[in-house]
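**Q** Got a predicted structure plus its sequence, pasted below:
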Amino acid sequence: MNIAIASGKGGTGKTTVAVNMALSLKDVQLLDCDVEEPNANIFLNAKIEKTEDVTVKIPEIDKEKCDYCGKCSDFCMYNALAVVPSKVLVFPELCHSCDGCKLVCPKDAVNYKPRTIGKIEHGHKKELDFYQGILNVGEAMAIPVIKTLKKKVDPSKNVILDAPPGTSCPVIEIINGSDYCILVTEPTPFGLHDLKLAMEVVRHLYIPFGVIINRDGIGDKKVEIYCRNKKIPILMKILHSNEIAQLYSKGIPFVEKLPHWREEFIKLYKRIKEDIER
Amino acid sequence: MKQLTIISGKGGTGKTSITAAFATLADNAVFADCDVDAADLHLILKPEIKKTMGFHGLKIASIDKEQCIECMKCYDHCKFNAIDEEINIIKEACEGCGVCEYICPVNAINMVDRDSGFAYVSETRFGPMAHAMLKTAEEASGKLVTVVRNNAKTLAEEKKKDLIIIDGPPGIGCPVISSISGVDLVLIVTEPTLSAIHDLERILGVAYHFKIPAVVCINKCDINLDNTEKIEHYCKSNNIDIVGKLPYNNIVTEAMVHEETVIEYSEGSFSNKVIEMWTEIGGRLRS
């Protein structure tokens, strides 16, 4: 079973839920897919055993063959190429590696070369199989890193995917194809507004979902009322507590100090499994 | 005209609450919500929309099944796996490159505009605002950020405003880069948690990469004093100034629940600290 953890709003507790759930279950594979700001391993401290680069193909112009006709730059939808008299400028950060420039070049002057934009790290924390994607600082495109990371999914395991905040391309790439999505929110107007946006995305992708309310008690009751009215399952409520906030700040998963929470996450997993099988 | 972007790397550190507070304090500014994925600033500033513009992100392939001869060339050439074996376009996967249109031998494919969302020009109780809405499961948020920033610039010129305050998105990727490119200063809002410190280092790397001056605000600075000290030490050794330290205070959430900025909601010591920080930032923007 493959469960994605997403949220819309940032900082609601996705990584907290992903890590604590991963540590409570057996036979788990955890993938930190927030490749822009991966944080799961701060809590996990998995020993990284293997690192591989994520590369994309970018065009390289053969100056001997190029006659500066400009067809490549005209074709490129991403403005990754510009042809000036006797020079072709390549802007690698903008390239989507579609192969279009190579296809349209009448002189066969476009070659491709690999360019590293990030990496995938693999390690273990005891039995737990852990992967994380890391986008290099200054790079714009998270998608190729996420796609490479998702290839590591082991369907025989209980897979947990920790997503970044937001609702656009990276989030869709991650949650698409999941069996279930947990949306983590907080009981505030921002939390509710962004929960509604995230719900639209999971509904659009036909993924069954439920909600976890984190820091329950800080704001108002509107998230809870909304979920009850719309018959959206509230899977869990994590009461706002100084103790949990302190543990979070130090990078300690709260199930390690508050072991009764392990039972809660096991129950949560069972409930999700029953939901999907139904 | 000066531009200030509020970013954080990690989400949920308080960007929007601080941006909204600055909106109350700035006397001649335009506001821009560039977190187009999950925009929240409008919940507090309650803009009255004056103008709505359709936003077309990337194009999308459209196949005329009548003309298609099922040669599979488009399927073979698509690098995004956006065409299935029955020659249907998978909307979420198409990145609009146009290779399929080019390769099709019978001209059965056309690249068409996709309606990706809306950009708005509005008025708030504190001044003009540019914002946007990205439709569900649409892409090109970086491009929409650029549209919002251009609208904000036009507004500032028309209304003779000398500052644009930009609420940025979390992360370090495409929409963040679009939100900070060419601005005069970024304010990075962090908190004393190990996650936020990790993310702070990465977002500072982005600001440095694009040569944009950065200052830091430590929000909820009293929830872990050791970590606050770590941030101070890190900033000092990298020559980055900390312009504000705000204690944890539930009035920030209370103000949000009342749909007010924290400055409107409370005249207490927390608001005074925000005012001090704003004064400090204002001084830097003028110099």
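**A** Good, I have the coordinates. Numbering: from 1, shown residues only, chains lettered A, B, ... in the order given.

**Q** List the backbone torsions phi and psi for residue B:272.
**A** When quoted as degrees, to the nearest 10, the phi and psi of residue B:272 stand at phi -60, psi -40.

**Q** burial count for it?
**A** Residue B:272 has 12 neighbouring residues, counting by other CB atoms under 10 Å in any protein chain shown. C-beta here means a position set from N, CA and C on the backbone, and glycine is covered the same way.

**Q** Please report the distance of it from residue B:279.
**A** For residue B:272, the distance to residue B:279 (CB to CB, to the nearest Å) stands at 10 Å.

**Q** what do you get for residue A:120?
**A** From residue A:120 across to residue B:279, the span is 45 Å (CB to CB).

**Q** higher neighbour count, the two?
**A** For residue A:120 versus residue B:279, neighbours defined as other CB under 10 Å are more numerous around residue A:120 (20 against 12).

**Q** any idea how far the more buried one lies from residue A:130?
**A** Distance from residue A:120 to residue A:130, by CB to CB: 11 Å.

**Q** So residue B:131, which state does it fall into?
**A** With DSSP: H, G, I helix; E, B strand; the rest coil as the basis, residue B:131 sits in strand.

**Q** how about the strands of the chain, start to end?
**A** All of this refers to chain A. In chain A, the strands defined using DSSP state E lie at A:2-6, A:28-32, A:47-61, A:81-84, A:87-90, A:110-125, A:128-135, A:158-162, A:180-185, A:209-216, A:234-239.

**Q** my question was about chain B
**A** Using DSSP E, the strands found in chain B span residues B:2-7, B:29-33, B:48-56, B:60-63, B:109-112, B:115-124, B:127-134, B:163-167, B:185-190, B:214-218, B:242-245.

**Q** neighbouring contacts of the third one?
**A** Put plainly, it is strand B:48-56. B:113-124, B:132, B:134, B:144, B:147, B:151 (CB atoms under 8 Å, 6 or more residues apart in numbering or on different chains).

**Q** Show me what that strand pairs with in its sheet, parallel or antiparallel.
**A** Its sheet considered, strand B:48-56 pairs with strand B:115-124 (antiparallel) by DSSP bridges.

**Q** For the strand it pairs with, the averaged confidence score.
**A** The average pLDDT for strand B:115-124 rounds to 96.

**Q** On the pLDDT front, check residue A:205 for me.
**A** 94.

**Q** just checking, it touches residue B:136?
**A** No: between residue A:205 and residue B:136 there is no contact under CB atoms under 8 Å: 9.5 Å.

**Q** the longest helix in chain A is where?
**A** helix A:260-277 (DSSP state H).

**Q** Now do that helix against strand A:180-185: the angle between them, please.
**A** Calculated by axes from the mean of the first three to the mean of the last three CA atoms, to 10 degrees, helix A:260-277 forms an angle of 130 degrees with strand A:180-185.

**Q** Would you mind pulling up the elements that helix A:260-277 packs against?
**A** The helices and strands touching helix A:260-277, judged by 3 or more CB pairs under 8 Å, 6 or more residues apart in numbering or on different chains; DSSP states H and E, are helix A:14-24, strand A:180-185, strand A:234-239, helix A:254-257.

**Q** if you set the cut-off to 10 Å instead, what comes out?
**A** strand A:2-6, helix A:14-24, strand A:158-162, strand A:180-185, strand A:209-216, strand A:234-239, helix A:254-257 (3 or more CB pairs under 10 Å, 6 or more residues apart in numbering or on different chains; DSSP states H and E).

**Q** okay, the ones you listed in a markdown table with distance to chain B, mean pLDDT and mean neighbour count next?
**A** Output for the helices and strands packed on helix A:260-277, formatted as a markdown table (distance: least, CB to the nearest CB, whole Å; pLDDT from 0 to 100; neighbours: other CB atoms under 10 Å in any protein chain shown):
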| stretch | distance to chain B | mean pLDDT | mean neighbour count |
| --- | --- | --- | --- |
| strand A:2-6 | 11 | 97 | 26 |
| helix A:14-24 | 7 | 98 | 25 |
| strand A:158-162 | 12 | 98 | 24 |
| strand A:180-185 | 11 | 98 | 26 |
| strand A:209-216 | 9 | 98 | 22 |
| strand A:234-239 | 14 | 98 | 18 |
| helix A:254-257 | 13 | 97 | 16 |
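
**Q** and of these, who's closest to residue B:222?
**A** Proximity to residue B:222, assessed across these by CB to CB, is greatest for strand A:209-216 (17.0 Å).

**Q** Mind listing the strands the closest one pairs with, and their directions?
**A** According to DSSP bridges, strand A:209-216 forms sheet pairs with strand A:180-185 (parallel), strand A:234-239 (parallel).

**Q** Okay, helices next: where are they in the stretch 101-250 of chain B?
**A** Remark: helices assigned in the stretch 101-250 of chain B by DSSP state H, counting those that start in this stretch are B:141-158, B:174-180, B:194-209, B:225-237.

**Q** which of the ones you listed is buried the deepest?
**A** Comparing these by mean neighbour count (mean count of other CB atoms under 10 Å in any protein chain shown), helix B:174-180 ranks first with a mean of 25.

**Q** Any residue of it touching chain A?
**A** Yes: applying CB under 10 Å from any CB of the partner chain, one finds helix B:174-180 touching chain A at B:174-178.

**Q** Using CSV, write down the CA coordinates of that helix.
**A** C-alpha atoms of helix B:174-180 as CSV (Å, rounded to 0.1, in the frame of the first residue of the first chain):
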residue,chain,number,x,y,z
CYS,B,174,10.9,27.5,-9.6
PRO,B,175,8.1,29.7,-8.0
VAL,B,176,10.6,30.8,-5.3
ILE,B,177,13.2,31.8,-7.8
SER,B,178,10.5,33.7,-9.8
SER,B,179,9.4,35.5,-6.6
ILE,B,180,12.9,36.8,-5.6
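
**Q** Where do the domain boundaries of the chain fall?
**A** Chain wasn't specified; assuming chain A. Following automatic domain parsing, one gets these domains for chain A: A:2-54+A:117-277, A:56-116.

**Q** Actually, chain B is the one I wanted.
**A** Taken from automatic domain parsing, chain B resolves into B:2-52+B:123-286, B:58-112.
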